[in-house]
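Novice: Got a sequence here, can you model it:
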Amino acid sequence: MRKYLLLIATVFVFQQAQAQTSRPFSGWGAVFSTTKLDNRFSLHFDGQVRSSDKLQRVQTILLRPGLNYKVNKNQVATIGYAFINNSRTIGTVSGWSPEHRIWEQYIINQSFKIGGHATSLQHRFRLEQRFIANSIVANNALKTDGTSFAQRLRYFARGIFPLKPVQQFTQGTFISLQNEIMFNIGDAAAVNGKFFDQNRAYGSFGYRFSPKADLEIGYMNQFVSGRGSVRTSNNILQVAAYLRL
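Specialist: Numbers count the residues shown, from 1 in each chain. As a prediction, this is how the structure comes out:
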């Protein structure tokens with residue numbers, strides 16, 4: 001576990017050292033839910049609203065449903081669809097630029113105790129097929145002129161650490177630490193033209209109301225490698241709810 005925490009800290013420091021261009025501040029609101037259908041199948045859904053710099057307006061709306069299959073008590077496979085609508089400006093014309101995704105993922109959950117604290121660690125491997133709108137200006141409005149295809153591989157790790165010693169964590173305060181790294185695979189020309197896409201390092205403080213509901217608030221640093229020498233270190237305040245129904 002110490003190695004895991006050290007890795008997150010190292011990635012965060014590396015991001016700050018590398019980001020030499022824009023450093024915007026934004027807010028993300030998110031809901032992540034799982035609804036059980038039977039002993040094997042459940043529905044996944046997460047919805048997010050992301051702001052532009054300095055919380056001035058909505059920048060992105062994300063809707064991501066999926067179908068989960070419980071492989072065993074610690075592993076879950078999912079296939080799903082995602083719709084992402086991004087605010088974009090070309091010249092003086094602003095509008096919305098949509099992206100559609102098909103995605104597959106595999107989650108491995110681990111549970112263990114650290115000093116009497118019931119701790120959980122999740123590993124998530126996700127593959128995305130992205131259909132990204134080619135936006136153009138026509139009749140003084142933003143239009144979609146076909147799509148570009150890209151694929152991305154994502155690895156996510158998240159640890160939850162109760163603040164009080166418990167044998168089973170069903171209620172109370174906690175901190176979470178997570179990191180996600182993303183790579184473009186195949187033809188990256190539709191995105192930044194590079195293998196490395198972005199990294200998201202995050203820490204939060206939360207409260208578990210019951211085994212079915214968590215609420216947390218935290219800070220995320222999103223380091224994005226753009227085209228050429230463009231780099232962005234996005235400072236994000238995130239509020240997120242987690243529902244297990």
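Novice: Can you list the residue ranges for helices in this protein?
Specialist: Using DSSP state H, the helices of the chain run over 2-18.
Novice: in it, which helix or strand is least confident?
Specialist: helix 2-18 (a mean of 48; mean pLDDT, DSSP states H and E).
Novice: Would you list the phi and psi of the residue in the chain sticking out farthest from the centre?
Specialist: Distance to the chain centre peaks in the chain at N139, reaching 35.3 Å (criterion: C-alpha atoms, centre = their mean). Main-chain torsions, N139, degrees, to the nearest 10: phi 50, psi 40.
Novice: And it, how close does it get to Y69?
Specialist: Between N139 and Y69 the computed distance is 46 Å (C-beta to C-beta, to the nearest Å). To be clear about C-beta, it is placed using only N, CA and C from the backbone, and glycine gets the same treatment.
Novice: S210 too?
Specialist: Taking C-beta to C-beta, one finds S210 at 25 Å from Y69.
Novice: Repeat that for P162.
Specialist: 29 Å.
Novice: Number of residues surrounding F112?
Specialist: 10 (other C-beta atoms under 10 Å).
Novice: typo on my end, Q167
Specialist: Q167: 9 neighbours (other C-beta under 10 Å).
Novice: Make sure it is actually in contact with H117.
Specialist: No - with contact defined as C-beta atoms under 8 Å, Q167 does not count as touching H117 (9.5 Å).
Novice: okay, P162 and Y69: which has more neighbours?
Specialist: Using other C-beta under 10 Å, the more surrounded residue of P162 and Y69 is P162, with 21 against 12.
Novice: residues touching that one, list them.
Specialist: Taking C-beta atoms under 8 Å, 6 or more residues apart in numbering, we find P162 in contact with 117-119, 169, 172-174, 208.
Novice: swap the cut-off to 10 Å and go again
Specialist: When contacts are counted by C-beta atoms under 10 Å, 6 or more residues apart in numbering, P162 touches 114, 116-120, 168-175, 208.
Novice: what's the most distant pair in those?
Specialist: Across the contacts of P162, the longest distance by C-beta to C-beta is 18.7 Å; it joins I114 and Q171.
Novice: List the buried residues for stretch 149-168?
Specialist: Residues 150-154, 156-162 are the ones in stretch 149-168 that count as buried (16 or more other C-beta atoms under 10 Å).
Novice: For this protein, give me the ranges with low pLDDT.
Specialist: Applying pLDDT under 70 to the chain flags the ranges 1-21.
Novice: Kindly recompute the last result at 90.
Specialist: Residues of the chain that meet the criterion pLDDT under 90 lie in 1-22, 56, 112-118, 167, 186-187, 229.
Novice: Just give me the closest of the buried residues of stretch 149-168 to G193.
Specialist: A150 (10.5 Å).
Novice: Specify the beta-bridge partners of the closest one.
Specialist: R130 (DSSP bridges).
Novice: Quick check: it vs A133, distance?
Specialist: 12 Å.
Novice: Give me the common contacts of these two.
Specialist: In contact with both A150 and A133: E99, using C-beta under 10 Å, 6+ apart.
Novice: what ranges do the strands span in the protein?
Specialist: Per DSSP state E, the chain carries strands over the ranges 25-36, 41-51, 58-72, 75-90, 93-114, 117-138, 141-162, 172-185, 196-210, 213-225, 231-244.
Novice: Right, I'll call it a day here.
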